[in-house]
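Visitor: This is a predicted model, with the sequence first.
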Amino acid sequence: MRLRALPVVVLLAITQAPMSADHVFTLSSNVYRLPYITGTLVLVTKDHHTHGPNKDRIDMVGPDGATVVAAADGIIRGIVDSNGLLSAEHSCQDDDDVAGLCTDYNNYVWIQHLNGEWTKYSHLAFGSVTALGHSVGDAVLAGTMLGIQSDVGFASGEHLHFEVGIPNDPTDDTPFSTLGGFIQGVNVVPVICNVPNNLLEDGQPYIAVPCFNNKPTANAGGPYQVDEGSAISLDGTGSSDPDGDAITYLWSPGTRLDDPASPTPVYSAVDDTVDVLILKVTDGGDVTPASALSDNDSATVLVANVAPTVALQGAAIMEGATAAVSATFTDPGTLDTHTAFISWGDGTPAEPVEVTSHRGRGSITASHVYGDDGTYSIFVVVTDDDGGAGAGNAAVSVRNVDPSGSLNPAGAVPFPGGAYLVINAGGELSVEAEGSDPGSDDLTFTWSTGGAATSFNDGLAPDPPSSPHGMFPFNASNLNRVVYAAPGVQQLVVVISDDDSGSTADGAKVIVTGNADRTEASGWWKQQYSGKGKLRIQSTTAAGYLAIVNAVSGVFSEALEVETTSDVHAVLSPPARDQRARATAQLMLSWLHFASGAVAWNAQVPVAKRELAAFLDLMGSAEATILNSAATSAELLAVERALQQVRRAY
């Protein structure tokens, strides 16, 4: 049977100094058996008094070829059995051909024992140690066969040289010289079991028998305290054996131990608990495990709970959007389960969130909608099943978003030059603006014609600086009634603002026609734009009419620049033989009839007998022909004649 490797320990010997006639000596702290196989008759030829000049050593003789055994449990630290020959083993004292010291030819085994003492077995037969399979580092029990008694080396006849030594350096695994294996330390006299006075005497015969085995004492140490997720070394090295036997260790339960057979196993704490561990120590008995004795001791390990550690990641969003946040956590208690709550920092109650966790690691995902801009401090609390709570903090940054909105220009008229609302000067135009804010902001409608109106999110009062709980998205509308006094082209604009300085704008183009109740001839219009004589319309009115013409027409001033009254006069004065110019002049007159209010945009024009044409259709067709450079004179003449009928529109 092989033992576990023994640690080198400091000698804890009971020093005695018996007196004799020739010297003072120290007894070993360990108790040893006679180092021969059980039942062997052994004669001591030199005891610790007579083995000189180096005393405190023993020479003994068994029958020829007797088997030498370990005197106590220990670890083999040195083997030399290569001296001598199988066919002619001999003492180097009888050989005149030996070179160097005779002690250089010794065969021996050194064994280190648990209490720090070492034993030496010299003059063993060539190869008899290694033939048993022994090598340096092997653990052996008391009574384990080591080799065969012989006379190899510095020996006078076949015998066993036996000594007990204490190294000067207890940490040295080879505290002996290579010349004969002398101890680099001091010798002590071996205490031998089952002999008178426990001392061997010169000239006395003895029978080799095992020592009486005393029960070891277990000491589990503790109590121990450790945090979950950490580890702690248990210490059973306080255990001992009164016989100095090597002892083995077994801790139970061994579930959380790295090596239950170690005197100092590492306990891994995975969850808070109170563990009671039992340490069983067993000595090696005497040669056979059947005689081994054991002892038990218990130790308590208190494992303290540790709260989770939480890391929370915030978010940056726009108001009215969803903030998706995530958190991770670790818990050294790998068996713990967890719950979690999140507070969104906006006044809403903390709410539970779903937790995903496995073996001490977990994650949380949650989302929340914020209705107003601001910076909100959020935190997550993760609690394990033992009441330990950890928190993580972060921020959600919410940015304001400009509102969206538009005018609802119901009834916009699609002219060749674009779409316009149409109203007579002095008439009332009703236009509705619609606005929407993704957050919970109030909305204010400010009109270019003057006036503003605010729609409150809560319907009652202005929005507070932070209102993440209001209605969102917030939709509102505002109806504006507009009156324009003079003819011309107007741009109606509404600015929709939220209460956080965000805004948007939209507009509509408005044609304001005059209030004429009849159409006028070409000469009359030429007079109004001639700049001469007595004018029937004010210059501002004439300019307003011209602005209308340029807005609704795709010819003026896109293809033909008409910016001044003289430009109008020139258009109304075409060369007689220029058919395109004549058609263009008639187009100008038709648009002026509309601008003055004499012809409505939705009027019907009698272009032929029993045939009517919508005014806008007629104007669009006429402009297309005029703009067509390939149009023939006949086609242009037809346009001119059709446009002449506009004065008869109804």
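Guide: Nice, I can see it.

Visitor: Can I get whatever helix or strand Ala323 lives in in CSV? Just the C-alpha atoms.
Guide: Under the criterion of DSSP states H and E, Ala323 resides in strand 322-330. Output of strand 322-330 as CSV, limited to C-alpha atoms (Å, rounded to 0.1, in the frame of the first residue of the first chain):
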residue,chain,number,x,y,z
THR,A,322,-40.1,53.9,-26.8
ALA,A,323,-36.9,53.8,-24.6
ALA,A,324,-35.5,50.3,-24.7
VAL,A,325,-33.1,49.8,-21.8
SER,A,326,-31.1,46.8,-20.8
ALA,A,327,-29.3,45.7,-17.6
THR,A,328,-26.9,42.9,-16.8
PHE,A,329,-26.1,41.6,-13.4
THR,A,330,-23.8,39.1,-11.7
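
Visitor: Following element in sequence after it, please.
Guide: strand 338-343.

Visitor: in its sheet, what does that next one sit against?
Guide: Sheet pairing of strand 338-343 (DSSP bridges) gives strand 351-353 (antiparallel), strand 374-384 (antiparallel).

Visitor: Can you tell me which of those strands is most buried?
Guide: strand 374-384 (a mean of 20; mean count of other C-beta atoms under 10 Å). For every residue, glycine as well, the C-beta is placed using N, CA and C.

Visitor: between that strand and strand 322-330, how big is the angle?
Guide: 30 degrees (axes from the mean of the first three to the mean of the last three C-alpha atoms, to 10 degrees).

Visitor: as a whole number, average confidence for strand 374-384?
Guide: The average pLDDT within strand 374-384 is 96.

Visitor: Would you mind writing the CA trace of that strand as PDB?
Guide: Provided in PDB are the C-alpha atoms of strand 374-384 (Å, rounded to 0.1, in the frame of the first residue of the first chain):
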ATOM      1  CA  GLY A 374     -36.100  65.800 -20.600                       C
ATOM      2  CA  THR A 375     -33.500  63.700 -18.800                       C
ATOM      3  CA  TYR A 376     -35.000  60.900 -16.600                       C
ATOM      4  CA  SER A 377     -33.000  59.100 -14.000                       C
ATOM      5  CA  ILE A 378     -33.900  55.400 -14.000                       C
ATOM      6  CA  PHE A 379     -32.800  52.600 -11.800                       C
ATOM      7  CA  VAL A 380     -33.100  48.800 -11.600                       C
ATOM      8  CA  VAL A 381     -33.200  46.800  -8.300                       C
ATOM      9  CA  VAL A 382     -32.300  43.100  -8.600                       C
ATOM     10  CA  THR A 383     -33.100  41.000  -5.500                       C
ATOM     11  CA  ASP A 384     -31.900  37.400  -5.000                       C
END
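
Visitor: In TSV, list the strands paired with strand 338-343 along with distance to Leu407.
Guide: Output for these, formatted as TSV (distance: least, C-beta to C-beta, whole Å):
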stretch	distance to Leu407
strand 351-353	42
strand 374-384	31
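
Visitor: Do me a favour and get the end-to-end distance for stretch 355-371?
Guide: 26 Å (C-alpha to C-alpha, to the nearest Å).

Visitor: should've said stretch 225-241
Guide: First residue to last in stretch 225-241 (C-alpha to C-alpha) measures 28 Å.

Visitor: do the same with stretch 136-145
Guide: 15 Å.

Visitor: Distance from that stretch to the middle of the chain?
Guide: 53 Å (C-alpha atoms, centre = their mean, to the nearest Å).

Visitor: ok, now stretch 332-347?
Guide: Relative to its chain's centre, stretch 332-347 lies at 16 Å (C-alpha atoms, centre = their mean).

Visitor: Specify the local secondary structure of Gln645.
Guide: helix (DSSP: H, G, I helix; E, B strand; the rest coil).

Visitor: Let me fix that, I meant to ask about Gln586.
Guide: Going by three-state DSSP, the secondary structure assigned to Gln586 is helix.

Visitor: give me the number of residues near it?
Guide: 23 (other C-beta atoms under 10 Å).

Visitor: So for it, what's the nearest residue that isn't a sequence neighbour?
Guide: Leu643 (4.0 Å; C-beta to C-beta, 6 or more residues apart in numbering).

Visitor: so who does the one you found touch?
Guide: 583, 586-587, 589-590, 618, 622 (C-beta atoms under 8 Å, 6 or more residues apart in numbering).

Visitor: pLDDT and secondary structure added to the residues you listed, as a markdown table?
Guide: As requested, the contacts of Leu643 are arranged in a markdown table below (pLDDT from 0 to 100; DSSP: H, G, I helix; E, B strand; the rest coil):
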| residue | pLDDT | secondary structure |
| --- | --- | --- |
| Ala583 | 97 | helix |
| Gln586 | 98 | helix |
| Leu587 | 98 | helix |
| Leu589 | 98 | helix |
| Ser590 | 97 | helix |
| Leu618 | 97 | helix |
| Ala622 | 97 | helix |
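
Visitor: quick one on the thing from earlier: okay, the residue nearest to Gln586: pLDDT?
Guide: 97.

Visitor: Now Ile247. Its backbone dihedrals?
Guide: Phi and psi for Ile247, reported as degrees, to the nearest 10, are phi -120, psi 150.

Visitor: Contacts only, for it.
Guide: Ile247 touches 114, 216, 239-241, 281-284, counting by C-beta under 8 Å, 6+ apart.

Visitor: For the residue of the chain positioned farthest from its centre, give its distance to Ala543.
Guide: Residue farthest from the centre of the chain, counting by C-alpha atoms, centre = their mean, is Gly533 at 90.2 Å. When distance is defined by C-beta to C-beta, to the nearest Å, Gly533 is 18 Å away from Ala543.

Visitor: now, among the contacts of Leu643, which is nearest to Ala340?
Guide: Leu618 (74.7 Å; C-beta to C-beta).

Visitor: What's the separation between that closest one and Leu234?
Guide: Taking C-beta to C-beta, one finds Leu618 at 107 Å from Leu234.

Visitor: same deal with Leu627?
Guide: 103 Å.

Visitor: quick one: which of the two has more around it?
Guide: Leu234 (23 against 16).

Visitor: Enumerate every residue touching that one.
Guide: 220-222, 224, 251, 257, 264-267, 277, 279, 299, 301.

Visitor: Which ones among the residues you listed map onto strands?
Guide: The strands, defined by DSSP state E, take in 224, 251, 266-267, 277, 279, 299, 301 from those.

Visitor: Buried subset of those residues as a ChimeraX selection?
Guide: To isolate the buried ones among these in ChimeraX, judged by 16 or more other C-beta atoms under 10 Å, type:
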select :224,251,267,277,279,299,301
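
Visitor: Many thanks, we can stop here.
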